[in-house]
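>>> Here's my sequence, what's the structure:
(chains A, B and C)
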Amino acid sequence: MAAKLDRIFDSFSNKSLFENKFVLQTSYTPKNIPHRDKQIEQVAGILAPALRGERTSNLFVYGLTGTGKTLSVQYVADEMMNRAKKNSLNLKMQYLNCKLRKVSDTEYRILAELIRKLGGDIPSTGLPTEQVYNKFIDIIEGEKKLFILVLDEIDQAVKKISDGFLYNLTRLNSELNKSQISIIGISNDLNFLQNLDPRVKSSLSEEEIVFPPYNAIQLQEILKDRADKAFKEGVLEDGVIAKCAAYAAREHGDARRALDLLRISAELAEREEKNKVKIEYVDKANEKMDKDKIVDVVESAPKQFQLVLLSIMTLTDAKDSRIFTGEVYNVYHDLCARIKTEILTQRRISDIIAEMDMLGLINARVISKGRHGRTREIKLSIPEKVAGRIKNIMHESLGV
DNA sequence: CGAGATTCATGTGAAGTATACCTTTAGGCTTAA
DNA sequence: AAGCCTAAAGGTATACTTCACATGAATCTCGTA
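Coordinates of the predicted model:
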């Protein structure tokens, strides 16, 4: 065993394909952002008044995942902060990703997280929401400043909560005396604005910028740029980058995905102690990414979700016809009885199934079976290759 | 035979409940002057 | 008297339950051709 480990460690330290892996990670902020010059200029143009101490317009940024929205905004923000520091302007920016699980569920949690990031302290529950607002205002009003709030994945937040939250935020300015606040909303959902309360819509999107997806060629350039820094000389086989770019271009030009693909391909190659990244590793990486995502969701899901999912999977195996809510509930019921867990009502299970549909674990749609009532028709949307693994995880965590 | 009426199995909304936290407040005890 | 601790009182959020009503097409009913 020890010898084997030695070998693994040796190969790891000696033959690493990476020069600097960090460059490929999502947290890395490159110095130049290719093909986004125009958007960056626009953002900068809109935010520039802040450097003169004026309030900036609220800004709304669209674009699919991995089109460089967050990166560009953060880039501009960083530059501005530098500038502001030099001119000793009291400018403050705060970035918040609304999608993080611990944050996303409620208005309360978003505000609480925001306050924590600003150095305040707020309990995780118990306070009236209004008091949390007051605390937030207190912090901002602490000293005179311009405050720019960047809300990433804002559509997620609104989907979970309501747009009342945004309404409150946009109105916040009228309650502020010394300071002023501007909001930058970043959204993946292009239709997001249309479903918004008109009042919110007009005040939030004083300015709008759209980030178009990258095409395959642009993706290749981005990848090459980073690959040069990330990898040692000549470890990439020809066409690896092209293939990563192609895969990602198929997924609406998602640069993040392209970079992940490249990194994971190389990691796989490294693990097999190869000294070159071959094209087939890209395929493997692609599969692995899908799989990891699902595993992640399932692992972090609450127990009752897992039980319901397990019921659905059992049913999928048992019969090849369509699956309905009632059947799932029966199986779930038995399962709970078997492992002595409390049994939730069918009403709740119905909601859980709807939520799992949102998570993309299953595919459920409401159908009417005429005389035989209305129900959801449920289909598992976990690939078979991953299903086994998922089942193991659940068996383990549930102790079935 | 075809237009309505009926029906089933569950979707869906609203309101209520239990639990887990949180702050505030008031009483009681300790402490220092 | 001031300070500190503790327990009770009064809030809220969240996950869930209960109740009640809404749905929508297969099936049934019945009048008519």
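
>>> from chain A, which residue is nearest to DNA strand C?
A:Gly370 (1.5 Å; C-beta to the nearest atom of the strand). Glycine gets a C-beta too; all of them are placed from N, C-alpha and C.

>>> And for that residue, the neighbour number?
7 (other C-beta atoms under 10 Å).

>>> Tell me the spacing between it and DNA strand B.
Distance, A:Gly370 to DNA strand B, by C-beta to the nearest atom of the strand, to the nearest Å: 7 Å.

>>> Could you do A:Pro213 as well?
32 Å.

>>> Give me the pLDDT value at that residue.
According to the prediction, A:Pro213 has pLDDT 89.

>>> Look up the closest residue to it, ignoring the ones flanking it.
A:Gly253 (3.1 Å; C-beta to C-beta, 6 or more residues apart in numbering).

>>> would you say A:Val331 is within a helix?
Yes. A:Val331: assigned to a helix according to DSSP: H, G, I helix; E, B strand; the rest coil.

>>> how about the CA coordinates for stretch A:187-195, as PDB?
Extracted C-alpha coordinates of stretch A:187-195, given in PDB (Å, rounded to 0.1, in the frame of the first residue of the first chain):
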ATOM      1  CA  SER A 187     -29.300  37.700 -14.400                       C
ATOM      2  CA  ASN A 188     -29.000  34.600 -16.500                       C
ATOM      3  CA  ASP A 189     -32.600  34.700 -17.400                       C
ATOM      4  CA  LEU A 190     -33.300  36.900 -20.400                       C
ATOM      5  CA  ASN A 191     -37.000  37.100 -19.700                       C
ATOM      6  CA  PHE A 192     -36.500  37.900 -16.100                       C
ATOM      7  CA  LEU A 193     -37.300  41.600 -16.400                       C
ATOM      8  CA  GLN A 194     -40.500  41.100 -18.200                       C
ATOM      9  CA  ASN A 195     -42.200  39.200 -15.300                       C
END
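
>>> pLDDT on whichever strand or helix holds A:Ile115, on average?
Element membership for A:Ile115, per DSSP states H and E: helix A:107-117. Taken as a whole, helix A:107-117 has a mean pLDDT of 74.

>>> Only C-alpha atoms, please: export it in CSV.
Output of helix A:107-117 as CSV, limited to C-alpha atoms (Å, rounded to 0.1, in the frame of the first residue of the first chain):
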residue,chain,number,x,y,z
GLU,A,107,-35.4,37.8,1.7
TYR,A,108,-34.3,37.6,5.3
ARG,A,109,-31.3,35.4,4.5
ILE,A,110,-30.1,37.6,1.6
LEU,A,111,-30.2,40.6,3.8
ALA,A,112,-28.6,38.8,6.7
GLU,A,113,-25.8,37.5,4.4
LEU,A,114,-25.3,41.0,3.1
ILE,A,115,-25.0,42.5,6.5
ARG,A,116,-22.5,39.8,7.6
LYS,A,117,-20.4,40.6,4.6
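
>>> What residues sit buried inside the following helix or strand past it?
Downstream of helix A:107-117, the next assigned helix or strand under DSSP H and E is helix A:129-141. Burial within helix A:129-141, assessed by neighbour count using 16 or more other C-beta atoms under 10 Å, is assigned to A:Val132, A:Tyr133, A:Lys135, A:Phe136, A:Ile137, A:Ile139, A:Ile140.

>>> quick check: mean pLDDT across helix A:129-141?
Rounded mean pLDDT across helix A:129-141 is 74.

>>> low pLDDT regions in the stretch 101-250 of chain A?
Applying pLDDT under 70 to the stretch 101-250 of chain A flags residues A:101-107, A:119-130, A:156-164, A:194-197.

>>> what ranges do the helices span in it?
Taking DSSP state H, counting those that start in this stretch, the helices of the stretch 101-250 of chain A run over residues A:101-104, A:107-117, A:129-141, A:154-160, A:164-171, A:198-204, A:216-230, A:240-250.

>>> What residues sit buried inside the longest one?
Okay, so that is helix A:216-230. A:Ala216, A:Gln218, A:Leu219, A:Gln220, A:Ile222, A:Leu223, A:Arg226, A:Ala227, A:Ala230.

>>> what's near enough to touch the closest residue to A:Ala248 other than its chain neighbours?
Of all residues not flanking A:Ala248 in the chain, A:Ala258 sits nearest, at 3.5 Å (C-beta to C-beta, 6+ apart). Shown in contact with A:Ala258 (C-beta atoms under 8 Å, 6 or more residues apart in numbering): A:Gly66, A:Leu219, A:Ile222, A:Leu223, A:Cys244, A:Ala245, A:Tyr247, A:Ala248, A:Ala249.

>>> Verify the stated contact: A:Ser179 with A:Ile140.
Yes. With contact defined as C-beta atoms under 8 Å, A:Ser179 counts as touching A:Ile140 (5.0 Å).

>>> what residues do these two have in common as contacts?
With C-beta under 8 Å, 6+ apart as the test, A:Ser179 and A:Ile140 both reach A:Phe147.
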